[in-house]
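>>> Take a look and give me a structure for this.
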Amino acid sequence: MPNMADPVDNNAPTDADLLRRFARGGGDGDDAFAQLVRRHAAWVLAVARRRVGNHELAEDVAQAAFIVLAQKGKRLPATTPLAPWLFRVTCFAASRASRDESRRRRHEVGAAMTRDARTAEAQMAAWEQLAPALDRAVEGLRSADRHAVLLRFYQRRSLAEVGASLGISEEAARKRVSRAIDTLRGRLASLGVRAADVAPAALAAMLLEHAADASAAITALAPRWATVSVAAQTTSSAAAAASATSNELAQGAMKMILWNNTKAAVAAVLAVAVVIGGVSAVVHAVVAQRPSQTRSVAVSANTAVAPAPAAVTMIQSQSLVLAVSPDRTSLAGFAMATGEWQPLPDPPATIDSNRIVVAAENVGAYRDAKRVYGFSGITGKWGSAALSAGAGGDAKDGVNVAQNVGAYVDGNRVHAFSALTGTWDTLTLPASASGAGAEPPQPTLTAIMVTVHHEKSLYLFSAKTGKWTEPPFQRRE
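I've put the predicted structure just below:
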(Lines give C-alpha, C1' and ligand atoms only; values in the text may rest on other atoms or scores of the structure.)
Protein backbone atom coordinates (compact mmCIF):
# COMPACT_ATOMS: atom_id res chain seq x y z
CA MET A 1 0.00 0.00 0.00
CA PRO A 2 1.41 3.44 -0.86
CA ASN A 3 2.61 5.81 1.82
CA MET A 4 0.13 8.34 3.08
CA ALA A 5 0.82 12.02 2.62
CA ASP A 6 2.42 13.86 5.51
CA PRO A 7 -0.03 14.29 8.40
CA VAL A 8 -1.96 17.52 8.38
CA ASP A 9 -0.58 20.18 10.72
CA ASN A 10 -3.09 20.46 13.55
CA ASN A 11 -2.20 24.14 13.86
CA ALA A 12 -2.89 24.83 10.19
CA PRO A 13 -6.02 26.88 9.43
CA THR A 14 -9.10 24.89 8.43
CA ASP A 15 -10.88 25.37 5.12
CA ALA A 16 -13.54 27.35 6.97
CA ASP A 17 -10.87 29.64 8.48
CA LEU A 18 -9.36 30.27 5.06
CA LEU A 19 -12.77 30.95 3.51
CA ARG A 20 -13.52 33.52 6.22
CA ARG A 21 -10.19 35.24 5.55
CA PHE A 22 -10.89 35.14 1.81
CA ALA A 23 -14.33 36.70 2.36
CA ARG A 24 -12.74 39.61 4.21
CA GLY A 25 -10.68 40.37 1.09
CA GLY A 26 -7.46 42.29 0.77
CA GLY A 27 -3.99 40.83 0.60
CA ASP A 28 -4.72 38.39 3.40
CA GLY A 29 -7.80 37.18 1.47
CA ASP A 30 -5.71 36.52 -1.63
CA ASP A 31 -3.18 34.60 0.44
CA ALA A 32 -5.98 32.53 2.00
CA PHE A 33 -7.37 31.68 -1.42
CA ALA A 34 -3.91 30.64 -2.62
CA GLN A 35 -3.64 28.31 0.38
CA LEU A 36 -6.99 26.74 -0.50
CA VAL A 37 -5.83 26.17 -4.07
CA ARG A 38 -2.58 24.55 -2.94
CA ARG A 39 -4.50 22.36 -0.50
CA HIS A 40 -7.04 21.04 -3.02
CA ALA A 41 -5.40 21.43 -6.44
CA ALA A 42 -3.97 17.91 -6.72
CA TRP A 43 -7.17 15.99 -6.24
CA VAL A 44 -9.30 18.49 -8.18
CA LEU A 45 -7.02 18.06 -11.19
CA ALA A 46 -7.10 14.27 -10.74
CA VAL A 47 -10.91 14.29 -10.76
CA ALA A 48 -10.95 16.50 -13.83
CA ARG A 49 -8.51 14.24 -15.67
CA ARG A 50 -10.56 11.14 -15.00
CA ARG A 51 -13.79 12.83 -16.02
CA VAL A 52 -12.59 14.32 -19.31
CA GLY A 53 -9.76 11.96 -20.30
CA ASN A 54 -7.64 14.83 -21.59
CA HIS A 55 -4.87 16.43 -19.51
CA GLU A 56 -5.00 19.81 -21.22
CA LEU A 57 -8.77 20.04 -20.99
CA ALA A 58 -8.60 18.79 -17.40
CA GLU A 59 -6.46 21.80 -16.50
CA ASP A 60 -9.20 24.06 -17.87
CA VAL A 61 -11.81 22.15 -15.86
CA ALA A 62 -9.77 22.41 -12.66
CA GLN A 63 -9.16 26.11 -13.20
CA ALA A 64 -12.90 26.54 -13.84
CA ALA A 65 -13.61 24.91 -10.47
CA PHE A 66 -11.35 27.43 -8.72
CA ILE A 67 -12.94 30.29 -10.67
CA VAL A 68 -16.32 29.17 -9.28
CA LEU A 69 -14.77 28.99 -5.81
CA ALA A 70 -13.43 32.54 -6.22
CA GLN A 71 -16.87 33.79 -7.28
CA LYS A 72 -19.01 31.79 -4.87
CA GLY A 73 -16.69 31.01 -1.97
CA LYS A 74 -17.33 34.24 -0.09
CA ARG A 75 -21.03 33.39 0.12
CA LEU A 76 -20.73 29.73 1.12
CA PRO A 77 -22.51 28.95 4.41
CA ALA A 78 -20.04 28.47 7.24
CA THR A 79 -21.36 24.92 7.78
CA THR A 80 -20.64 23.81 4.18
CA PRO A 81 -17.65 21.41 3.98
CA LEU A 82 -15.45 22.71 1.18
CA ALA A 83 -14.15 19.42 -0.28
CA PRO A 84 -17.59 17.93 -1.15
CA TRP A 85 -18.74 21.29 -2.54
CA LEU A 86 -15.59 21.65 -4.65
CA PHE A 87 -15.93 18.03 -5.81
CA ARG A 88 -19.45 18.71 -7.13
CA VAL A 89 -18.31 21.92 -8.86
CA THR A 90 -15.47 20.00 -10.54
CA CYS A 91 -17.89 17.30 -11.68
CA PHE A 92 -20.29 19.89 -13.09
CA ALA A 93 -17.47 21.65 -14.97
CA ALA A 94 -16.14 18.32 -16.24
CA SER A 95 -19.59 17.28 -17.48
CA ARG A 96 -19.89 20.52 -19.42
CA ALA A 97 -16.39 20.08 -20.84
CA SER A 98 -17.00 16.45 -21.77
CA ARG A 99 -20.12 17.33 -23.74
CA ASP A 100 -18.31 20.06 -25.65
CA GLU A 101 -15.20 17.98 -26.25
CA SER A 102 -17.10 14.89 -27.37
CA ARG A 103 -18.67 16.86 -30.21
CA ARG A 104 -15.21 17.68 -31.54
CA ARG A 105 -13.06 14.71 -30.69
CA ARG A 106 -15.28 11.73 -29.92
CA HIS A 107 -13.43 9.25 -32.11
CA GLU A 108 -9.99 10.63 -31.25
CA VAL A 109 -10.59 10.42 -27.51
CA GLY A 110 -12.02 6.92 -27.79
CA ALA A 111 -8.95 5.75 -29.69
CA ALA A 112 -6.63 7.34 -27.15
CA MET A 113 -8.41 5.63 -24.25
CA THR A 114 -8.15 2.30 -26.05
CA ARG A 115 -4.41 2.74 -26.63
CA ASP A 116 -3.87 3.66 -22.98
CA ALA A 117 -5.77 0.59 -21.78
CA ARG A 118 -3.79 -1.76 -24.02
CA THR A 119 -0.43 -0.52 -22.74
CA ALA A 120 -1.34 -0.70 -19.05
CA GLU A 121 0.09 -3.43 -16.85
CA ALA A 122 -2.16 -5.85 -14.99
CA GLN A 123 -2.75 -3.72 -11.90
CA MET A 124 -3.10 -0.56 -13.91
CA ALA A 125 -5.57 -2.30 -16.21
CA ALA A 126 -7.99 -2.66 -13.29
CA TRP A 127 -7.53 0.98 -12.41
CA GLU A 128 -8.01 2.07 -16.00
CA GLN A 129 -11.29 0.15 -16.07
CA LEU A 130 -12.78 1.77 -13.02
CA ALA A 131 -11.17 5.25 -13.27
CA PRO A 132 -13.62 6.69 -15.84
CA ALA A 133 -16.55 5.67 -13.64
CA LEU A 134 -14.97 6.37 -10.26
CA ASP A 135 -16.10 9.96 -9.77
CA ARG A 136 -19.62 9.24 -11.01
CA ALA A 137 -19.77 6.39 -8.50
CA VAL A 138 -18.46 8.62 -5.68
CA GLU A 139 -20.99 11.27 -6.69
CA GLY A 140 -23.75 8.70 -6.15
CA LEU A 141 -22.73 7.88 -2.56
CA ARG A 142 -24.61 9.18 0.43
CA SER A 143 -23.32 12.56 1.58
CA ALA A 144 -21.63 11.19 4.71
CA ASP A 145 -19.93 8.33 2.82
CA ARG A 146 -18.87 10.63 -0.02
CA HIS A 147 -17.28 13.06 2.43
CA ALA A 148 -15.37 10.20 4.09
CA VAL A 149 -14.08 8.93 0.72
CA LEU A 150 -12.96 12.41 -0.32
CA LEU A 151 -11.09 12.95 2.94
CA ARG A 152 -9.47 9.52 3.04
CA PHE A 153 -8.55 8.90 -0.59
CA TYR A 154 -8.73 12.20 -2.47
CA GLN A 155 -7.13 14.35 0.24
CA ARG A 156 -5.11 11.41 1.60
CA ARG A 157 -5.96 12.01 5.24
CA SER A 158 -5.26 9.45 7.93
CA LEU A 159 -8.22 7.76 9.59
CA ALA A 160 -7.62 9.85 12.69
CA GLU A 161 -7.78 13.01 10.59
CA VAL A 162 -10.91 11.77 8.81
CA GLY A 163 -12.56 11.21 12.18
CA ALA A 164 -11.52 14.64 13.44
CA SER A 165 -12.92 16.33 10.32
CA LEU A 166 -16.22 14.44 10.59
CA GLY A 167 -16.50 14.81 14.36
CA ILE A 168 -16.32 11.07 15.03
CA SER A 169 -13.77 8.69 16.50
CA GLU A 170 -10.98 7.08 14.51
CA GLU A 171 -12.69 3.69 14.79
CA ALA A 172 -15.99 5.14 13.60
CA ALA A 173 -14.14 6.73 10.69
CA ARG A 174 -12.60 3.35 9.82
CA LYS A 175 -16.05 1.74 9.75
CA ARG A 176 -17.51 4.55 7.68
CA VAL A 177 -14.72 4.35 5.13
CA SER A 178 -15.07 0.55 4.97
CA ARG A 179 -18.82 0.86 4.45
CA ALA A 180 -18.27 3.52 1.80
CA ILE A 181 -15.83 1.21 -0.06
CA ASP A 182 -18.40 -1.61 -0.09
CA THR A 183 -21.08 0.77 -1.36
CA LEU A 184 -18.68 2.18 -3.91
CA ARG A 185 -18.04 -1.29 -5.35
CA GLY A 186 -21.78 -1.67 -5.87
CA ARG A 187 -22.04 1.71 -7.52
CA LEU A 188 -19.15 0.87 -9.85
CA ALA A 189 -20.82 -2.42 -10.78
CA SER A 190 -24.02 -0.56 -11.64
CA LEU A 191 -21.94 1.59 -14.03
CA GLY A 192 -20.64 -1.46 -15.85
CA VAL A 193 -17.31 -1.88 -14.01
CA ARG A 194 -16.49 -5.41 -12.86
CA ALA A 195 -15.81 -4.12 -9.37
CA ALA A 196 -16.68 -7.49 -7.85
CA ASP A 197 -13.32 -8.73 -9.20
CA VAL A 198 -11.53 -6.14 -7.06
CA ALA A 199 -11.44 -6.92 -3.35
CA PRO A 200 -12.30 -4.05 -0.97
CA ALA A 201 -8.70 -3.87 0.29
CA ALA A 202 -7.36 -3.77 -3.27
CA LEU A 203 -9.83 -1.05 -4.22
CA ALA A 204 -8.80 1.00 -1.18
CA ALA A 205 -5.12 0.57 -2.13
CA MET A 206 -5.78 1.71 -5.70
CA LEU A 207 -7.70 4.74 -4.47
CA LEU A 208 -4.90 5.72 -2.10
CA GLU A 209 -2.41 5.47 -4.94
CA HIS A 210 -4.33 7.02 -7.79
CA ALA A 211 -7.43 8.97 -6.61
CA ALA A 212 -5.37 12.13 -6.09
CA ASP A 213 -2.55 11.35 -8.48
CA ALA A 214 -0.62 14.59 -8.19
CA SER A 215 1.93 15.20 -10.92
CA ALA A 216 4.68 17.76 -11.26
CA ALA A 217 2.19 19.90 -13.17
CA ILE A 218 0.56 20.90 -9.88
CA THR A 219 3.67 22.86 -8.92
CA ALA A 220 3.20 25.12 -11.94
CA LEU A 221 -0.58 25.12 -12.14
CA ALA A 222 -1.62 25.77 -8.54
CA PRO A 223 -0.07 29.27 -8.35
CA ARG A 224 -1.76 30.20 -11.64
CA TRP A 225 -5.15 28.97 -10.45
CA ALA A 226 -4.69 30.88 -7.19
CA THR A 227 -4.74 34.17 -9.12
CA VAL A 228 -8.37 33.68 -10.17
CA SER A 229 -9.53 35.02 -6.78
CA VAL A 230 -8.50 38.46 -8.02
CA ALA A 231 -9.26 37.85 -11.69
CA ALA A 232 -12.82 36.76 -11.00
CA GLN A 233 -13.68 40.21 -9.71
CA THR A 234 -13.32 41.96 -13.08
CA THR A 235 -13.98 40.84 -16.64
CA SER A 236 -10.73 42.23 -18.04
CA SER A 237 -8.45 40.67 -15.45
CA ALA A 238 -10.32 37.39 -15.61
CA ALA A 239 -9.57 37.20 -19.30
CA ALA A 240 -5.91 37.68 -18.57
CA ALA A 241 -5.69 35.14 -15.74
CA ALA A 242 -7.88 32.35 -17.05
CA SER A 243 -8.33 30.79 -20.44
CA ALA A 244 -11.54 31.43 -22.35
CA THR A 245 -12.38 27.75 -21.98
CA SER A 246 -11.98 27.90 -18.19
CA ASN A 247 -14.21 30.96 -17.91
CA GLU A 248 -16.87 29.36 -20.12
CA LEU A 249 -16.75 26.12 -18.13
CA ALA A 250 -16.99 28.05 -14.87
CA GLN A 251 -20.12 29.84 -16.07
CA GLY A 252 -21.60 26.54 -17.25
CA ALA A 253 -20.83 24.88 -13.93
CA MET A 254 -22.49 27.71 -12.02
CA LYS A 255 -25.61 27.39 -14.17
CA MET A 256 -25.68 23.64 -13.51
CA ILE A 257 -25.29 24.28 -9.77
CA LEU A 258 -28.11 26.83 -9.92
CA TRP A 259 -30.40 24.45 -11.81
CA ASN A 260 -29.51 21.52 -9.53
CA ASN A 261 -30.25 23.64 -6.45
CA THR A 262 -33.45 24.95 -8.05
CA LYS A 263 -34.69 21.41 -8.74
CA ALA A 264 -33.89 20.37 -5.18
CA ALA A 265 -35.58 23.45 -3.76
CA VAL A 266 -38.69 23.00 -5.90
CA ALA A 267 -38.89 19.32 -4.95
CA ALA A 268 -38.59 20.15 -1.26
CA VAL A 269 -41.12 22.95 -1.48
CA LEU A 270 -43.62 20.80 -3.35
CA ALA A 271 -43.17 17.98 -0.84
CA VAL A 272 -43.94 20.33 2.03
CA ALA A 273 -46.84 21.81 0.10
CA VAL A 274 -48.40 18.39 -0.43
CA VAL A 275 -48.17 17.71 3.30
CA ILE A 276 -49.96 20.92 4.19
CA GLY A 277 -52.63 20.45 1.57
CA GLY A 278 -51.45 21.56 -1.87
CA VAL A 279 -48.97 23.64 -3.77
CA SER A 280 -51.13 26.74 -3.69
CA ALA A 281 -49.35 29.06 -1.29
CA VAL A 282 -45.90 27.92 -2.32
CA VAL A 283 -45.83 28.84 -6.00
CA HIS A 284 -47.96 31.90 -5.36
CA ALA A 285 -45.20 33.08 -3.02
CA VAL A 286 -42.59 32.42 -5.70
CA VAL A 287 -44.60 34.33 -8.31
CA ALA A 288 -45.18 37.21 -5.92
CA GLN A 289 -41.65 37.41 -4.53
CA ARG A 290 -39.83 37.20 -7.89
CA PRO A 291 -41.68 39.93 -9.77
CA SER A 292 -39.12 41.03 -12.33
CA GLN A 293 -37.04 38.10 -13.51
CA THR A 294 -37.09 35.22 -16.00
CA ARG A 295 -36.39 33.32 -19.13
CA SER A 296 -37.80 30.09 -20.52
CA VAL A 297 -37.21 26.91 -22.42
CA ALA A 298 -40.29 24.88 -23.34
CA VAL A 299 -41.14 21.23 -23.79
CA SER A 300 -43.82 18.61 -24.31
CA ALA A 301 -47.12 19.92 -25.60
CA ASN A 302 -49.47 21.08 -22.87
CA THR A 303 -48.35 18.96 -19.95
CA ALA A 304 -50.86 20.80 -17.81
CA VAL A 305 -51.35 20.26 -14.11
CA ALA A 306 -54.77 21.50 -13.02
CA PRO A 307 -54.86 21.49 -9.21
CA ALA A 308 -57.91 22.00 -7.07
CA PRO A 309 -59.38 25.51 -6.77
CA ALA A 310 -57.31 27.95 -4.70
CA ALA A 311 -54.11 26.18 -5.79
CA VAL A 312 -51.48 27.41 -8.17
CA THR A 313 -51.83 26.19 -11.76
CA MET A 314 -48.68 25.03 -13.52
CA ILE A 315 -48.07 24.04 -17.10
CA GLN A 316 -44.64 22.53 -17.17
CA SER A 317 -42.06 20.71 -19.18
CA GLN A 318 -38.54 19.51 -18.60
CA SER A 319 -37.16 23.01 -19.04
CA LEU A 320 -40.03 25.42 -18.44
CA VAL A 321 -42.77 26.21 -15.94
CA LEU A 322 -45.60 28.68 -16.50
CA ALA A 323 -47.36 29.32 -13.19
CA VAL A 324 -50.66 31.08 -12.42
CA SER A 325 -51.16 32.44 -8.92
CA PRO A 326 -54.04 31.04 -6.84
CA ASP A 327 -56.04 34.26 -7.15
CA ARG A 328 -55.61 34.07 -10.97
CA THR A 329 -54.19 37.60 -11.18
CA SER A 330 -50.55 36.78 -11.98
CA LEU A 331 -48.77 34.65 -14.59
CA ALA A 332 -45.02 34.05 -14.53
CA GLY A 333 -42.56 31.82 -16.35
CA PHE A 334 -39.48 30.03 -15.03
CA ALA A 335 -36.61 28.93 -17.29
CA MET A 336 -33.93 26.36 -16.54
CA ALA A 337 -31.44 28.32 -18.65
CA THR A 338 -31.39 31.26 -16.23
CA GLY A 339 -33.07 29.99 -13.09
CA GLU A 340 -35.16 33.16 -13.03
CA TRP A 341 -38.84 34.08 -13.04
CA GLN A 342 -40.35 36.58 -15.45
CA PRO A 343 -43.86 37.94 -14.84
CA LEU A 344 -46.33 38.52 -17.67
CA PRO A 345 -46.29 42.29 -18.31
CA ASP A 346 -49.57 44.15 -17.84
CA PRO A 347 -51.64 41.02 -17.17
CA PRO A 348 -55.42 41.10 -17.53
CA ALA A 349 -57.59 41.23 -14.44
CA THR A 350 -58.02 37.45 -14.52
CA ILE A 351 -55.71 34.81 -16.01
CA ASP A 352 -57.49 31.96 -17.81
CA SER A 353 -55.19 28.95 -17.48
CA ASN A 354 -57.01 27.18 -20.32
CA ARG A 355 -55.43 29.66 -22.72
CA ILE A 356 -51.83 28.77 -21.79
CA VAL A 357 -49.82 26.44 -24.03
CA VAL A 358 -46.22 25.18 -23.92
CA ALA A 359 -44.26 23.86 -26.91
CA ALA A 360 -41.86 20.96 -27.18
CA GLU A 361 -38.80 23.18 -26.86
CA ASN A 362 -38.63 26.94 -26.54
CA VAL A 363 -42.09 28.51 -26.73
CA GLY A 364 -44.77 29.17 -24.15
CA ALA A 365 -47.84 31.25 -25.03
CA TYR A 366 -50.90 32.91 -23.53
CA ARG A 367 -53.78 34.83 -25.08
CA ASP A 368 -56.40 37.12 -23.63
CA ALA A 369 -59.09 39.22 -25.32
CA LYS A 370 -56.72 42.02 -26.34
CA ARG A 371 -53.26 40.56 -26.82
CA VAL A 372 -51.38 37.35 -27.58
CA TYR A 373 -48.18 36.70 -25.61
CA GLY A 374 -45.14 34.54 -26.36
CA PHE A 375 -42.49 33.44 -23.86
CA SER A 376 -39.08 32.62 -25.34
CA GLY A 377 -36.95 29.87 -23.87
CA ILE A 378 -33.93 31.36 -25.62
CA THR A 379 -34.19 35.07 -24.83
CA GLY A 380 -36.15 34.53 -21.62
CA LYS A 381 -38.51 37.38 -22.42
CA TRP A 382 -42.22 37.86 -22.98
CA GLY A 383 -43.28 39.39 -26.31
CA SER A 384 -46.81 40.39 -27.33
CA ALA A 385 -48.96 41.42 -30.29
CA ALA A 386 -52.21 43.38 -30.23
CA LEU A 387 -55.35 41.61 -31.47
CA SER A 388 -58.13 43.04 -33.54
CA ALA A 389 -61.15 44.35 -31.67
CA GLY A 390 -63.49 41.49 -30.85
CA ALA A 391 -60.90 38.82 -31.69
CA GLY A 392 -60.80 37.35 -28.19
CA GLY A 393 -62.52 34.08 -29.10
CA ASP A 394 -63.20 31.34 -26.59
CA ALA A 395 -60.79 29.29 -24.50
CA LYS A 396 -60.42 26.63 -27.19
CA ASP A 397 -59.26 29.22 -29.72
CA GLY A 398 -55.61 28.93 -28.68
CA VAL A 399 -52.13 29.70 -29.95
CA ASN A 400 -50.43 27.09 -32.12
CA VAL A 401 -46.86 26.40 -30.95
CA ALA A 402 -43.91 24.37 -32.19
CA GLN A 403 -40.25 24.03 -31.23
CA ASN A 404 -39.17 27.63 -31.86
CA VAL A 405 -42.28 29.33 -33.27
CA GLY A 406 -45.88 30.13 -32.41
CA ALA A 407 -48.80 31.43 -34.49
CA TYR A 408 -52.25 32.85 -33.89
CA VAL A 409 -54.89 33.62 -36.53
CA ASP A 410 -56.72 36.91 -35.99
CA GLY A 411 -59.22 37.41 -38.81
CA ASN A 412 -57.21 38.17 -41.93
CA ARG A 413 -54.06 38.61 -39.85
CA VAL A 414 -51.60 35.94 -38.73
CA HIS A 415 -49.38 36.77 -35.75
CA ALA A 416 -46.16 34.72 -35.57
CA PHE A 417 -43.70 34.48 -32.66
CA SER A 418 -39.99 33.56 -32.79
CA ALA A 419 -38.25 32.11 -29.75
CA LEU A 420 -34.91 33.06 -31.31
CA THR A 421 -35.70 36.77 -31.31
CA GLY A 422 -38.41 36.82 -28.65
CA THR A 423 -40.64 38.96 -30.88
CA TRP A 424 -43.91 38.80 -32.84
CA ASP A 425 -44.50 39.85 -36.45
CA THR A 426 -47.94 40.27 -38.02
CA LEU A 427 -48.91 39.26 -41.55
CA THR A 428 -51.96 41.08 -42.92
CA LEU A 429 -53.43 39.13 -45.81
CA PRO A 430 -55.21 40.80 -48.75
CA ALA A 431 -58.98 40.51 -48.90
CA SER A 432 -60.09 37.09 -50.11
CA ALA A 433 -61.57 36.83 -53.61
CA SER A 434 -64.23 34.61 -52.06
CA GLY A 435 -65.49 37.53 -50.03
CA ALA A 436 -67.21 37.12 -46.67
CA GLY A 437 -67.45 33.58 -45.38
CA ALA A 438 -64.09 32.53 -46.81
CA GLU A 439 -62.05 30.05 -44.81
CA PRO A 440 -59.56 31.72 -42.44
CA PRO A 441 -55.87 31.18 -43.15
CA GLN A 442 -54.39 27.94 -41.80
CA PRO A 443 -50.75 28.38 -40.78
CA THR A 444 -48.45 25.36 -40.86
CA LEU A 445 -45.73 25.20 -38.21
CA THR A 446 -42.36 23.45 -38.36
CA ALA A 447 -39.51 23.72 -35.86
CA ILE A 448 -38.22 27.02 -37.27
CA MET A 449 -40.86 28.25 -39.71
CA VAL A 450 -44.51 29.21 -40.14
CA THR A 451 -46.04 28.98 -43.63
CA VAL A 452 -49.34 30.35 -44.89
CA HIS A 453 -50.91 29.56 -48.26
CA HIS A 454 -53.52 32.19 -49.12
CA GLU A 455 -55.32 32.19 -52.43
CA LYS A 456 -52.39 31.65 -54.81
CA SER A 457 -49.76 33.24 -52.62
CA LEU A 458 -47.20 31.83 -50.19
CA TYR A 459 -45.94 33.55 -47.05
CA LEU A 460 -43.12 32.38 -44.77
CA PHE A 461 -42.18 33.39 -41.23
CA SER A 462 -38.58 32.62 -40.21
CA ALA A 463 -37.64 31.95 -36.59
CA LYS A 464 -34.13 33.20 -37.36
CA THR A 465 -35.21 36.70 -38.43
CA GLY A 466 -38.56 36.91 -36.66
CA LYS A 467 -40.10 38.35 -39.85
CA TRP A 468 -42.66 37.39 -42.48
CA THR A 469 -41.48 37.24 -46.08
CA GLU A 470 -42.76 36.13 -49.48
CA PRO A 471 -41.18 35.02 -52.76
CA PRO A 472 -39.76 37.92 -54.77
CA PHE A 473 -41.94 37.15 -57.79
CA GLN A 474 -45.16 37.83 -55.86
CA ARG A 475 -44.11 40.97 -54.02
CA ARG A 476 -46.28 43.94 -54.76
CA GLU A 477 -44.64 47.34 -55.30
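>>> measure Leu141 to Ile257 for me?
19 Å (CB to CB, to the nearest Å). For every residue, glycine as well, the C-beta is placed using N, CA and C.
>>> meant to ask about Phe461, not that
In terms of CB to CB, Phe461 sits 37 Å off from Ile257.
>>> Between these two, tell me which one has more neighbours.
Taking neighbours as other CB atoms under 10 Å, Phe461 and Ile257 compare with Phe461 leading, 28 against 18.
>>> Verify the stated contact: the more buried one with Glu470.
No. Shown here, Phe461 and Glu470 do not form a contact pair, counting by CB atoms under 8 Å, at 10.4 Å.
>>> so where do the helices sit in this protein?
Assignment of helices within the chain using DSSP state H yields the ranges 15-24, 26-52, 55-72, 82-119, 122-139, 143-149, 159-166, 170-190, 200-210, 217-226, 228-231, 235-241, 244-275, 280-289.
>>> what comes up buried for the third one?
Read it as helix 55-72. 57-72 (16 or more other CB atoms under 10 Å).
>>> quick check, nearest of those to Arg136?
Closest approach to Arg136 among the buried residues of helix 55-72 (CB to CB): Val61, at 14.8 Å.
>>> and that closest one, what is it in contact with?
Neighbour list for Val61: Ala48, Arg51, Val52, Thr90, Ala93, Ala94, Ala97, Ser246, Leu249 [criterion: CB atoms under 8 Å, 6 or more residues apart in numbering].
>>> Look up the closest residue to it, ignoring the ones flanking it.
The shortest distance from Val61 to any non-neighbouring residue, by CB to CB, 6 or more residues apart in numbering, is to Ala48 (3.8 Å).
>>> distance of that neighbour from Pro345?
43 Å.
>>> And for Ala42?
Distance from Ala42 to Pro345, by CB to CB: 51 Å.
>>> Same question for Asn404.
Distance from Asn404 to Pro345, counting by CB to CB: 22 Å.
>>> between these two, which one's more packed in?
Comparing Asn404 with Pro345 by other CB under 10 Å, the one with more neighbours is Asn404, at 26 against 13.
>>> you'd agree that one is up against Lys464?
No. Counting by CB under 8 Å, Asn404 does not reach Lys464; the two are 9.0 Å apart.
>>> what is in contact with those two at once?
Ser418, Leu420, Ile448.
>>> Just among those, which is most surrounded?
Neighbour tally across the shared contacts of Asn404 and Lys464 (other CB under 10 Å): the maximum, 29 neighbours, falls on Ser418.
>>> if I pick that one, what's in contact with it?
So Ser418 contacts Ser376, Asn404, Val405, Asp425, Phe461, Ser462, Ala463, Lys464, Thr465, Gly466 (CB under 8 Å, 6+ apart).
>>> any idea of the pLDDT on it?
For Ser418, the model assigns a pLDDT of 89.
>>> With Pro307 instead?
pLDDT recorded at Pro307 is 44.
>>> again, but for the one 3 residues further on
Here the pLDDT value assigned to Ala310 is 56.
>>> do Ala32 as well
The model reports Ala32 with a pLDDT of 90.
>>> any idea how far Ala23 is from it?
9 Å.
>>> out of the two, which sits in the busier spot?
Ala32 (24 against 14).
>>> out of everything not next to it in sequence, what's closest to the more buried one?
Nearest one to Ala32, counting by CB to CB, 6+ apart, is Arg21 at 3.7 Å.
>>> and that neighbour, how many neighbours does it have?
Neighbour tally, Arg21, other CB under 10 Å: 19.
>>> picking up where we left off before, closest to Lys381 out of the buried residues of helix 55-72?
Distances from Lys381 to these, taken by CB to CB, are shortest for Gln71, at 25.6 Å.
>>> what's the distance between the closest one and Ala42?
22 Å.
>>> what's the answer for Ala12, then?
Counting by CB to CB, the gap from Ala12 to Ala42 is 16 Å.
>>> Pick out whichever of the two has more residues nearby.
More neighbours surround Ala42 than the other of Ala12 and Ala42, with 22 against 10 (other CB under 10 Å).
>>> that older thread, by neighbour count, sort out the buried ones in the contacts of Ser418.
Ser376, Asn404, Val405, Asp425, Phe461, Ser462, Ala463, Gly466.
>>> could you dump those residues to CSV with distance to Ser353 and pLDDT?
Below are the buried ones among the contacts of Ser418 laid out as CSV (distance: CB to CB, whole Å; pLDDT from 0 to 100):
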residue, distance to Ser353, pLDDT
Ser376, 20, 85
Asn404, 24, 79
Val405, 23, 86
Asp425, 27, 94
Phe461, 27, 93
Ser462, 31, 90
Ala463, 26, 83
Gly466, 27, 90
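>>> In strands only, show me these.
Ser376, Val405, Asp425, Phe461, Ser462 (DSSP state E).
>>> ok, these vs Val321, which is closest?
Of these, the one sitting nearest to Val321 (CB to CB) turns out to be Ser376, at 14.6 Å.
>>> which ones are touching the closest one?
Arg295, Ser296, Asn362, Val363, Trp382, Gly383, Phe417, Ser418, Ala419, Leu420, Thr421, Gly422.
>>> returning to what we had before: wait, which of the contacts of Val61 is closest to Ala180?
Among the contacts of Val61, and counting by CB to CB, the member closest to Ala180 is Thr90, at 18.9 Å.
>>> Could you count how many residues lie near Pro430?
10.
>>> The helices of the chain: lowest mean pLDDT?
Going by mean pLDDT, the lowest-scoring of the helices of the chain is helix 280-289, which has a mean of 41.
>>> How about Asp31: what's its closest non-neighbour residue?
What sits nearest to Asp31 in space, not counting adjacent residues and going by CB to CB, 6+ apart, is Arg21, at 7.7 Å.
>>> Revised request: answer the last question for Lys370.
Leu387 (5.9 Å).
>>> wait, that neighbour sits on Ala369?
Yes. Taking CB under 8 Å as the definition, Leu387 is a contact partner of Ala369 at 7.4 Å.
>>> mind giving me the domain ranges of the protein?
15-252, 277-474 (automatic domain parsing).
>>> Now for Val149: which residues touch it?
So Val149 contacts Val138, Leu141, Val177, Ala180, Ile181, Leu184, Leu207 (CB under 8 Å, 6+ apart).
>>> Next one: Asn400 relative to Phe461, how far apart?
Asn400 is 12 Å from Phe461, by CB to CB.
>>> which neighbours do the two share?
The contact sets of Asn400 and Phe461 overlap at Ala407 (CB under 8 Å, 6+ apart).
>>> Only the buried residues of stretch 329-348, if you could.
Quick answer for stretch 329-348 (16+ other CB under 10 Å): 330-344, 347.
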